[in-house]
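Visitor: whatever this is, show me its structure:
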Amino acid sequence: AITTILALAFVTGTAFDRYSDAALPYLDSFTTWGAIVTTWMVARKILENWIYWFVIDSVSIYLYVNRELHLTALLFVLYLVLIVFGYVAWRKELQPAASVQAAA
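Guide: Down below sits the predicted model:
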């Protein structure tokens, strides 16, 4: 998933860098493609999605602070807190399922 995100971000980031006036085209592309791929991971119940969200939202905080969108940055800080709770909850939920499959 990481390779896919980085490759897509590079391609679209390059296009935005050349053909638009985007301030941070590569980071914008990274957060967009990261969110798309990570949403797919959520749909597949892949536990590591929460780690991806943490990285994506951390980069998003930087982007929003850089553009002086402080309230939006604060919202993403709150998302980081939710990510921690989500990871812990999913880990508890998914570990018993993995244990049962391993025992069978």
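Visitor: in the helix or strand bottoming out on mean pLDDT in the chain, what's buried?
Guide: Least confident helix or strand of the chain, by mean pLDDT, DSSP states H and E, is helix 70-103 with a mean of 89. Residues of helix 70-103 classed as buried: Ala73, Phe76, Tyr79, Ile83, Gly86, Tyr87, Trp90 (neighbour count, 16 or more other C-beta atoms under 10 Å). The C-beta positions use only the backbone N, C-alpha and C, and glycine is treated the same way.
Visitor: distance to Pro96 added to these, as JSON lines?
Guide: Compiled in JSON lines, the buried residues of helix 70-103 are given as follows (distance: C-beta to C-beta, whole Å):
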{"residue": "Ala73", "distance to Pro96": "37"}
{"residue": "Phe76", "distance to Pro96": "31"}
{"residue": "Tyr79", "distance to Pro96": "27"}
{"residue": "Ile83", "distance to Pro96": "22"}
{"residue": "Gly86", "distance to Pro96": "17"}
{"residue": "Tyr87", "distance to Pro96": "16"}
{"residue": "Trp90", "distance to Pro96": "12"}
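Visitor: just checking, what packs against the least confident helix or strand of the chain?
Guide: helix 49-66 (3 or more C-beta pairs under 8 Å, 6 or more residues apart in numbering; DSSP states H and E).
Visitor: can I get the helix it packs on as CSV, trimmed to CA atoms?
Guide: Provided in CSV are the C-alpha atoms of helix 49-66 (Å, rounded to 0.1, in the frame of the first residue of the first chain):
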residue,chain,number,x,y,z
ASN,A,49,-5.1,1.3,8.4
TRP,A,50,-5.0,3.2,11.7
ILE,A,51,-1.2,3.7,11.4
TYR,A,52,-1.7,5.0,7.8
TRP,A,53,-4.4,7.4,9.1
PHE,A,54,-2.0,8.7,11.8
VAL,A,55,0.7,9.5,9.2
ILE,A,56,-1.8,11.0,6.7
ASP,A,57,-3.5,13.2,9.4
SER,A,58,-0.2,14.3,10.8
VAL,A,59,0.9,15.5,7.3
SER,A,60,-2.5,17.1,6.9
ILE,A,61,-2.0,19.0,10.2
TYR,A,62,1.2,20.4,8.8
LEU,A,63,-0.5,21.4,5.5
TYR,A,64,-3.3,23.2,7.3
VAL,A,65,-1.0,25.0,9.7
ASN,A,66,1.1,26.0,6.7
